[in-house]
Structures are given as structure tokens and as C-alpha cells.
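Undergrad: Provided below for reference: sequence and predicted model.
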Amino acid sequence: MNPWRHPGLWITLALTLGLGLWPVVLQKAALRETIFTILLSVALASSLNIILGYAGYISFGHVVFFGLGGYVGLYLMNTLGLSLWVALLAGGLAAALLAFLLGKAILRLRGAYFALATIGVNEAMRAFINNFAPFGGATGISLNFKVYQAYGGAANALWLVYTILLVTTLAMILISHIVKNSKFGLGLMAIREDEDAAEVMGVITPNAKTWAYVLSAVLPGMLGVLFYFKNGNIEPGDAFRLSSSIELLVMIMLGGAGTVLGPVIGAAGYQALRGFLLTNALFKNIQLSVAGILLLLIILFIPVGAVGWLRRRFPALRRLLP
Amino acid sequence: MNVLQVSGVCKRFGGLHALSNVTFDMPEGQILGLIGPNGAGKTTLFNVIDGVYPPEQGQVFFRGQDVTGAKPYRLARLGLARTHQIVRPLNDLSVRENVMVGACFGRQGLGLHEAAKTADEVLAFVRLEARAAQLAGSLNVAQKKRLEMARALAARPYLLLLDEVLAGLNPSEITAMVEIIRAIRAQGVSVIIIEHVMHAVMNVSDRLIVLDYGQQIAEGTPQEVSANPRVIEAYLGDPKLAERLLAST
């Protein structure tokens, strides 16, 4: 079976591309902002899915890579005057480096202990940045408006950011698919199912887990740069908000952990729901509790998520739902 | 050449001496039976050999190389494979994918494409080919035992550790499994087998080691061991039983 002939991959990519091109064709800025949020979630959820869905390690603090990337990127652009491209690269590298070091330290923990450790890392990073003068301490970094001029002004910069995000999201879906259909991915799934058995069969588990963690951190690091470049400023409280990590978990669980399509559908579905809740008078202040209840219901009733449920219910769909 | 040498291995869990000074050599191409009452330390010995537990004392040599305390994945890559007493299928992966893990990360370290081919060969060998596309979690116990075996074989090991692969099987399944074990040896793979199904282990083994409370109480051919008074006292119970066991099958 050739993974490139998997029709499900092309359907997923085509749907994402269609969604992404929609505001470009209509040239509507408001629609672009909506789709931006969805694509960002799709890319982040797909990244987290590599360590969570494939390797079975639940990271509760994944936003730490997003926040760190944002800080590194804004610092480089604002203080050192480097270009967005260099900043993107540096943000990804910083996140990868952090994941590598963390991987060596906390990936030996299993189950709930690893999940708890990731929360600790996120909180520690927030406390550190809060007191780190070069990154602006508690007030954070505000991007000098002049930075946007190099990209044809703020309005053009927003379209540029959107295009980069679309390309990155498509790349992430492709990476997710390639990993899942690789020898590396097979090793990760063996770890997820039974780590001791995987080790006995020859999977070098410490390395496989570390690289999976690094791979799931790189893109969030880059997207952090992109997001906060667009946003114009970054603060410790926003950059390392625990609820953002949990929302990512909800998206993956909703769509189906360990599948390529799951995080895509889950992220899009969750953002659509969130959009509805935020504009609804009754729910606008309690939208996070709705996310919490949703997570609870999924775990209780369909722990395999939408895609997983469809795959089990209709085995004929397996090829179409990667 | 000895495929495995175990010398003076001791393993304690707290105050319990799970293994005391276990020493044996295993020439290539043999089937070595490891028997003894429950809690004698048989599975612990497997765990020490394949690196799950490092021993407190003693050394383990695999094909001449000192592997004492090496990690299980290192031993797997050197050509050691094992099955688990309590089956450990990778439930959410298909039967073929389970076996591919063995082929991909075992001694040969195959790529996915070759691993799939090897997996299909090995599944046919253990007569599980009809289940290849099924999820491993959906197999019954006898099939899961064969899956454990297939996964280990797909690594193309030099030495195979089989931990009670016959337990819980019915007589016809046992006969089929014994045939498979003989066929594995015929391919040149050395086998150590832990088993309580006496007539099977007596017939299939070239040599037996008997453990009791972590001590090696006897070693020799099945005939020698079954006539040994200490073995009869500790494990077999009835002196006539051993003769009957050897006569059957």
C-alpha cells in the first residue's frame, strides 16, 4: 500500500485548501480572520496529535511552545530588527530545543505523571518570562508598528501572514500523514499501545518519544511567531494560558486522536462551535465550561472521537478517513 | 558457538531471592526447556536475559557479547526476541502491523515495505494469515499467542524466548503450536521455552533446566531430569508421572 495513493489524504488536503482559499477569492478580511483561527487550530491540533495521538503521551502544556516561539520571534523582530522569515525559523528552533531538553527530562514519566509535568513546565515558563527583562517581564513585548512596513504595511502583512499559515497548515497535514505511514510512526504507535512491549520488540523508546515531542513542538513554535506578529504584542498571561492547551486537547479528542483527519475536523468543528458560543448572549461568558463539558462527554461516550467512531462503525470508510 | 551464556546471575526483589547464582550455557540450535513451580523465577530469568531487569550479580553474554544490564531494545536489535506470558498485543493496530513492528525494529531493522512482506510470510507460518487485516484486540487467546510468536519471529532472531506459549490452549492447539516450535528450530533459531504443559516440554526440549525458589536444582536431558529425585520432590510430585509424560505423544 502506497501512502501517496491514500484518497483520504488528498480529500483532507483539498478541503483545507478550499477552506483556506475561500477568503482569498472573495477578498474579505472578516472572513479571513475567521478562517485564520480555524487554520491555526488545525495546524496546532495536528502538531499536538503527533505526541498525543500517535505516541499516546498527553501533553497538557503544549501552548508553552506556541508562547515561547512568539516571544523569541517578537524579540528578534522588534529588538534585533530581523526579518519575519528569520524569526519564524528561530521560533521553531527554540520550541524544538525546549522540547528536546524536556523530552530527555520528563518523557521517562508515564501517563498522568507526564501530563502533570507538562503543566508544570508551562507554569514555570510563564513565571520565568514574567521576570525576564529582555522579554519585557510582565508587560511583554509590543511590536513597533514600523516593523510592518517591510511587508507593505499592516494590511498587506495580514494577508502575508494568512498565506504563510495556509501553507504551514497544509504542510502539517502532510507531515502528520507521512509520520503516520512511516516506520517512525509505527514505532510511536507501538509505544502508545504498550511501551514495554515496544521496547522488547526493539523500538528505541527514549529516542522515538523525544523526536516525536520535538516534531510536535516545531510548528507550534513557528505559528507562535506568526500569530503574535499579526497580534502586535505578547504578554506572559496570554502566551502561556493553560486553557489554550486544553482547548487543543478538546479538538483532538472531538475529531479522533491518532488519526490524520481527526484533529482537522475536530479543530474546525470546535472553532465553529466556539464562534457560535462567543456570539451567543447566553454562552459568551461560559464558553470554556462548554469546552470542558464537551471533553467530558467525549471521553465518556466516544473516546475514539468522531473519525475513530466512523472508522469502527463503518470499516469500509477506513481508506477514506486517514 | 554459544548463543547465550548466563553466569552467576542473582536477582533480588527486596528480601526475595528471585534468582540465586543461575549459570548455564546454551549452544546454538537447541531447544532448552525451563521448568519449575510457579514463582520459581523462570520469567524473572527471561526478564534478566532480555534486559527488562538488570541483575544484581552475574553476567549475561549474547553471542559472545556482554549484554548484562543492556536495554531490551538493544538486545532485540542484536537478535533476541521473546513472547510474553500474559499476551501483550498492540490492540489498536492490525495483526499485520503488530508483526511489522517486530520486523521493523528487530535484528534486521527492515523498512516498511520489506517488513510487510516478512509479516505476511510469518503470519502464514503461524497460520494467522486470514486475520492479517483485523485489529489485534479482536483476536481470541490462542490467536493472540500465535500473534506474540509471529511478532517475535518477524524479527528473525538468533534466540527466541517463549514464555508459556501453550498455557490456556486446548490439546489440538497445543499440537499445532509444538509443530510450529519444532519448525522454528529447523530454521536454525535457538529456543528457550518456559512451560507447564509437561508432555509437550519434555518432548520438544533437547535439554531442561529446573528452577525452584530461584535455584537451579537440576539440568540435563528430559530423561535425566525426570528421574532426578529433587525435581520429583519439588515439581513433578509423582515418580511414575515423568515416565508417563515421556511415553505420551
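TA: Arrived safely. Numbers count the residues shown, from 1 in each chain, chains lettered A, B, ... in the order given.

Undergrad: Where do the helices of the chain begin and end?
TA: The chain I'm using is chain A. For chain A, the helices defined by DSSP state H cover A:7-26, A:29-49, A:63-78, A:84-106, A:112-130, A:153-180, A:183-193, A:195-200, A:205-231, A:236-239, A:242-255, A:261-278, A:287-301, A:305-313.

Undergrad: Wait, chain B was what I had in mind.
TA: B:42-49, B:72-78, B:95-105, B:112-125, B:141-154, B:171-186, B:198-204, B:222-227, B:229-231, B:239-247.

Undergrad: just those: most buried one?
TA: helix B:95-105 (a mean of 28; mean count of other CB atoms under 10 Å in any protein chain shown). The C-beta positions use only the backbone N, C-alpha and C, and glycine is treated the same way.

Undergrad: who does that one touch, helix- and strand-wise?
TA: Counting contacts by 3 or more CB pairs under 8 Å, 6 or more residues apart in numbering or on different chains; DSSP states H and E, helix B:95-105 packs against helix A:183-193, helix B:72-78, helix B:112-125, helix B:141-154.

Undergrad: go with 7 Å
TA: Counting by 3 or more CB pairs under 7 Å, 6 or more residues apart in numbering or on different chains; DSSP states H and E, the packing neighbours recorded for helix B:95-105 are helix A:183-193, helix B:112-125, helix B:141-154.

Undergrad: Need the ones you listed in TSV (columns: distance to B:Thr23 and mean pLDDT).
TA: What follows is these, written out as TSV (distance: least, CB to CB, whole Å; pLDDT from 0 to 100):
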stretch	distance to B:Thr23	mean pLDDT
helix A:183-193	34	96
helix B:112-125	33	94
helix B:141-154	25	92
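
Undergrad: pLDDT below threshold where in the chain?
TA: Chain wasn't specified; assuming chain A. A:1-2, A:319 (pLDDT under 70).

Undergrad: my question was about chain B
TA: Using pLDDT under 70, the flagged stretches of chain B are B:238-239, B:241-243, B:248-249.

Undergrad: if I look at the residue nearest the centre of chain B, how far off is B:Leu211?
TA: Chain B has B:Leu162 as the residue nearest its centroid, 1.8 Å off, counting by CA atoms, centre = their mean. Separation of B:Leu162 from B:Leu211 (CB to CB, to the nearest Å): 16 Å.

Undergrad: again with A:Ile35
TA: 67 Å.

Undergrad: Which one's more surrounded, these two?
TA: Neighbours were counted for A:Ile35 and for B:Leu211 using other CB atoms under 10 Å in any protein chain shown; B:Leu211 has more, 26 against 22.

Undergrad: Look up how far A:Val63 lies from the more buried one.
TA: Taking CB to CB, one finds B:Leu211 at 53 Å from A:Val63.

Undergrad: Could you find the closest non-adjacent residue to the residue nearest to the centre of chain B?
TA: B:Ile193 (4.5 Å; CB to CB, 6 or more residues apart in numbering or on different chains).

Undergrad: show me the residues around the one you found that make contact.
TA: B:31, B:33-34, B:162, B:181, B:201, B:205 (CB atoms under 7 Å, 6 or more residues apart in numbering or on different chains).

Undergrad: now swap in A:Asp194 and tell me
TA: B:88, B:90.

Undergrad: and it, backbone torsions?
TA: phi -170, psi 100 (degrees, to the nearest 10).

Undergrad: what's the answer for the one 10 residues further on, then?
TA: Recorded main-chain torsions at A:Ile204 are phi -80, psi 90, according to degrees, to the nearest 10.

Undergrad: what does the stretch 51-200 of chain A put close to chain B?
TA: A:183, A:186-187, A:189-190, A:193-194, A:197, A:199-200 (CB under 7 Å from any CB of the partner chain).

Undergrad: Next, format the helices of chain B as a markdown table and append distance to A:Leu84.
TA: Output for those, formatted as a markdown table (distance: least, CB to CB, whole Å):
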| stretch | distance to A:Leu84 |
| --- | --- |
| helix B:42-49 | 54 |
| helix B:72-78 | 42 |
| helix B:95-105 | 40 |
| helix B:112-125 | 38 |
| helix B:141-154 | 48 |
| helix B:171-186 | 60 |
| helix B:198-204 | 69 |
| helix B:222-227 | 75 |
| helix B:229-231 | 77 |
| helix B:239-247 | 78 |
